[in-house]
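Peer 1: predicted model and sequence below, questions to follow.
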Amino acid sequence: MNFADEHKEEILKTYKELHQLAEPSWEEEKTSQYIKEKLVNAGLNVQTYEGHFGFTADLEGEKSDIIALRADMDALVQEVDGEIKPNHSCGHDAHSTMVLFTALALSKHKPKHTVRFIFQPAEEKAAGALKMIEDNVLQNVKFLGGIHVRPVMEIPYGKAAPVILHNSTASIKGVIKGVPAHAARPELGNNPLEAAALLIGAIRQIRLNAADHYSIKITELHGGEASNSIPENARFTLDLRAESNDTMEMLLKKAEHTISTTGELTETEITSKAEEYSPAAVKNSSAIEIARKAITSILGEENAVEACVSPGAEDFHFYTAVNPGIAATMIGLGCGLKPGLHHPKMQFNQEALIYGTKILTQMVLEADQQPW
């Protein structure tokens with residue numbers, strides 16, 4: 001574990017450079033090239049793919065079975081100090097830095113299993129993992145690990161969790177078509193905004209098992225441009241979240257039924273489509289135990305948090321949704337992160353990059369000892 005301490009300044013410098021390179025989803029060209037160059041120089045076998053900037057880097061082992069670590073590379077696009085620009089406010093620059101230096105730390109090590117480092121694009125679009133899966137990066141992968149920096153209210157600085165239990169998320173985007181009319185003759189029209197008001201109230205009445213954590217709410221509503229006219233159309237977006245994939249499936253069905261019923265009751269035409277789906281985390285006990293051992297080895301047992309439960313989403317979980325036989329977990333890293341993920345002014349204690357790299361390195365070594 002001396003590698004991370006010995007290369008501390010280089011780790012911090014790399015993080016700062018990746019932070020400055022921030023690129024949006026599907027446009028991570030400079031970020032990808034920066035990381036690839038360091039891995040090629042370290043002797044890893046780098047594989048690129050058509051149509052995007054994601055890549056893998058393999059450290060060849062004695063066995064064909066593969067242990068993998070995944071990092072995301074893309075940045076959000078948001079307003080920062082009055083300027084709209086790419087900004088790493090979700091920590092993907094930190095994740096890439098830690099996975100990169102885990103690869104460099106292990107580059108002189110001869111593992112039993114081949115170790116694959118997956119650098120994926122477009123996590124923020126919930127699409128990058130699916131693209132990497134299409135490119136067959138999970139062939140022969142038995143263990144998959146990831147890491148995500150966490151807000152201080154979830155995990156304090158100096159602590160880490162062996163699993164992040166992300167929610168499943170989805171959105172439903174729809175259009176309500178009514179009948180336009182002059183506001184002085186409302187009886188000649190059919191107001192889509194009134195239908196939207198009924199829909200908003202109806203979705204608040206959706207009920208599932210009280211033991212299941214879930215939410216559904218309206219987050220966008222647009223309709224009308226004139227104060228004295230009834231518009232023809234109204235557009236809406238619903239945000240759905242659920243702690244399990246089964247609960248999300250039920251929530252989507254009830255939402256679709258509620259939308260259909262609202263259209264019938266109001267005699268409006270409502271078209272809708274579910275989008276931006278991400279699956280929930282599924283706990284794998286063997287993967288969690290490997291991560292827990294790595295955390296306790298580096299931070300001590302008193303600093304290993306049992307689990308991090310997050311209402312947010314992560315496309316990391318597509319890897320196991322599509323390939324349920326893989327033992328996978330994502331470590332939650334306490335790093336003093338404030339004021340929160342996706343906040344344009346997000347900051348964290350960069351010293352966490354050092355122990356985060358150590359944890360990932362130890363996790364690979366632990367996984368390499370398993371009889372996959």
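Peer 2: Cool, the structure landed.
Peer 1: got phi/psi on the residue nearest to the spatial centre of the chain?
Peer 2: Nearest to the mean C-alpha position of the chain, by Cα atoms, centre = their mean, lies Glu314 at 2.3 Å. Main-chain torsions, Glu314, degrees, to the nearest 10: phi -150, psi 130.
Peer 1: quick check: it vs Ala307, distance?
Peer 2: When distance is defined by Cβ to Cβ, to the nearest Å, Glu314 is 14 Å away from Ala307. C-beta coordinates here come from the backbone N, C-alpha and C atoms, glycine included.
Peer 1: need the per-residue pLDDT for Ser89.
Peer 2: Reported pLDDT at Ser89 in the predicted model: 98.
Peer 1: sec struct for it, please.
Peer 2: Three-state assignment for Ser89 (DSSP: H, G, I helix; E, B strand; the rest coil): coil.
Peer 1: count of residues packed around it?
Peer 2: Close neighbours of Ser89, defined as other Cβ atoms under 10 Å, add up to 20.
Peer 1: I'd assumed His342 was in contact with it.
Peer 2: Yes. The criterion here is Cβ atoms under 8 Å, and Ser89 meets it with His342 at 5.3 Å.
Peer 1: what do those two both touch?
Peer 2: Taking Cβ atoms under 8 Å, 6 or more residues apart in numbering as the criterion, Ser89 and His342 both touch Leu76, Gln78.
Peer 1: on that earlier part again, what sits against the residue nearest to the centre of the chain?
Peer 2: So Glu314 contacts Glu123, His148, Ile164, His166, Ser278, Ala281, Met330 (Cβ under 8 Å, 6+ apart).
Peer 1: mind checking which of those are in strands?
Peer 2: Per DSSP state E, strands hold the following members of the contacts of Glu314: His148, Ile164, His166, Ser278, Met330.
Peer 1: next, Ala161: phi, psi?
Peer 2: With angles defined as degrees, to the nearest 10, Ala161 sits at phi -110, psi 140.
Peer 1: what does the model give it for pLDDT?
Peer 2: Looking at Ala161, its pLDDT stands at 99.
Peer 1: just checking, it touches Ile147?
Peer 2: No. In terms of Cβ under 8 Å, Ala161 does not count as a neighbour of Ile147; the distance is 10.4 Å.
Peer 1: common neighbours of those two, please.
Peer 2: Residues within reach of Ala161 and of Ile147 at once, by Cβ under 8 Å, 6+ apart, are Ile331, Gly332.
Peer 1: show the pLDDT at the closest residue to Ser107 other than its chain neighbours.
Peer 2: Closest residue to Ser107 apart from its sequence neighbours, by Cβ to Cβ, 6 or more residues apart in numbering: Ala42 at 4.2 Å. Here, the pLDDT recorded for Ala42 equals 98.
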